[in-house]
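*Asks:* for reference, the sequence and a predicted model appear below.
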Amino acid sequence: DEGAVDEGAVDEGAAGGSASTLDELRAAQADFAAASDRAGSPLVAPLRVLPMVGRQLRSVESLTTAAERLTGSTATAIEALAVEADRGAGSAAERLAAAKRTVGIVDELSSELHALELGPSESLVAPLAEARNRFAEEQAQLTETVDRAVVAVRGVSDFLEGPTRYVVLANNNSEMRAGS
């Protein structure tokens with residue numbers, strides 16, 4: 001697959017020295033996976049039937065699973081974007097193909113963000129409720145940013161695909177009348 005990413009292909013030069021960021025994301029992903037496994041462990045399964053405790057466990061499992069998916073998806077997107085950046089600009093057709101691959105990468109990350117399930121939000125103990133609320137706020141901000149990136153990258157792709165007519169408007173504030 002032309003868009004496939006070799007995890008070893010990203011180096012310090014790609015995406016502005018992203019190797020350490022990728023290492024941190026992959027380590028966080030592994031930590032969240034381990035936490036999710038522990039929260040879903042058969043050892044704690046009997047506690048799930050208890051109304052208050054079960055809700056807390058479901059919330060912890062949902063949050064850690066969401067965090068695992070988010071860190072994994074983000075790392076995968078960074079790796080794929082770094083590979084695209086390393087390919088360099090060639091012919092117009094190659095630039096258009098790269099733009100379309102970039103749209104796919106960013107769109108996939110957006111889909112992952114929209115699909116995250118954070119679990120119960122009510123009747124949580126205070127520290128867990130605070131963590132969930134912080135996660136939800138940061139997810140919303142990241143989703144908004146990635147959605148804007150999708151629009152921007154699609155716009156660039158459409159522009160490169162052409163031919164399209166554009167109207168360019170400009171004004172000079174010093175020539176405008178007051179109140180206009």
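*Replies:* Cool, got the structure. Since we're looking at a predicted model, the values are computed, not measured.

*Asks:* helices of the chain, start to end?
*Replies:* For the chain, helices defined by DSSP state H occupy the ranges 19-39, 51-87, 92-115, 126-161.

*Asks:* what is the shortest one packed up against?
*Replies:* What it means is helix 19-39. Here helix 19-39 touches helix 51-87, going by 3 or more CB pairs under 8 Å, 6 or more residues apart in numbering; DSSP states H and E. Where you see a C-beta, it was placed from the backbone N, CA and C, and this is true even at glycine.

*Asks:* for this structure, give me the ranges with low pLDDT.
*Replies:* For the chain, applying pLDDT under 70 flags the ranges 1-18, 175-180.

*Asks:* make it 90
*Replies:* The model of the chain has pLDDT under 90 over residues 1-21, 37-54, 84-99, 120-121, 155-180.

*Asks:* list the contacts of the spatially closest residue to E117 that is not a sequence neighbour.
*Replies:* Using CB to CB, 6 or more residues apart in numbering and skipping residues adjacent in sequence, the residue nearest E117 is S62, 5.8 Å away. Residues counted as contacts of S62 (CB atoms under 8 Å, 6 or more residues apart in numbering) are 117-120.

*Asks:* just the buried residues of those residues.
*Replies:* Those of those that meet the buried threshold are 118-120, by 16 or more other CB atoms under 10 Å.

*Asks:* now those residues in JSON lines, with distance to E84?
*Replies:* As requested, the buried ones among the contacts of S62 are exported to JSON lines (distance: CB to CB, whole Å):
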{"residue": "L118", "distance to E84": "30"}
{"residue": "G119", "distance to E84": "34"}
{"residue": "P120", "distance to E84": "39"}
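
*Asks:* between the residues you listed, which is closest to V167?
*Replies:* For these, the minimum distance to V167 (CB to CB) is 43.3 Å, reached by L118.

*Asks:* and the closest one, backbone torsions?
*Replies:* L118 adopts backbone torsions of phi -90, psi 0, taken as degrees, to the nearest 10.
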